[in-house]
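In: any chance you can model this:
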Amino acid sequence: MMVTRIRARLGAAKRSIGDRLPAPMAAPETPQLRRMRVTLITGLAMLAVLTAAVPALSQACLRAIGAFAWLALAGSSVIVGLRWLTAKIRADDAWAVREREE
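Out: Numbers count the residues shown, from 1 in each chain. Okay, here's the model as predicted:
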């Protein structure tokens, strides 16, 4: 009973927002954008795991390798993130100014 009321209210809110925003705000995700987004998320997750594992690295050799890997992951995440953001903004701009077929 409670779930159906919540669903009804959420559905009404969604329709209300849909009426106010007749056009989608973002472009559909292309396979290239999806691949870049997944790459960015994976790189950031690996960076988080490596950051959490740094205190466990006790040998100097492992610390040096860990530091190099951390820098490489951080640099690649910045590069991939900027490329993805640029491509996403361009796709959204192209989607917003496209000619509408009605």
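
In: distance of Val97 relative to Ile6?
Out: Using Cβ to Cβ, to the nearest Å, Val97 is found at 38 Å from Ile6. Every C-beta, even on glycine, is put in place using the N, C-alpha and C of the backbone.

In: and those two? Which one has more around it.
Out: Set Val97 next to Ile6 and count neighbours by other Cβ atoms under 10 Å: Ile6 wins out with 10 against 7.

In: which residues in this protein form helices?
Out: Taking DSSP state H as the test, the helices found in the chain are 2-20, 31-53, 60-96.

In: give the buried residues for the longest one.
Out: Think helix 60-96. Neighbour counts over helix 60-96 (16 or more other Cβ atoms under 10 Å) mark 66, 70, 73, 77, 80-81, 84, 88, 91 as buried.

In: for that helix, packing partners?
Out: Contacts defined by 3 or more Cβ pairs under 8 Å, 6 or more residues apart in numbering; DSSP states H and E place helix 60-96 against helix 31-53.

In: on that earlier part again, adding distance to Ala52 and pLDDT, write the buried residues of helix 60-96 out as a markdown table.
Out: Below are those laid out as a markdown table (distance: Cβ to Cβ, whole Å; pLDDT from 0 to 100):
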| residue | distance to Ala52 | pLDDT |
| --- | --- | --- |
| Gly66 | 11 | 81 |
| Trp70 | 11 | 89 |
| Leu73 | 13 | 93 |
| Ser77 | 16 | 95 |
| Val80 | 21 | 95 |
| Gly81 | 20 | 95 |
| Trp84 | 24 | 95 |
| Lys88 | 29 | 92 |
| Ala91 | 34 | 90 |
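
In: of the residues you listed, closest to Asp19?
Out: Nearest to Asp19 among these is Ala91, at 25.3 Å by Cβ to Cβ.
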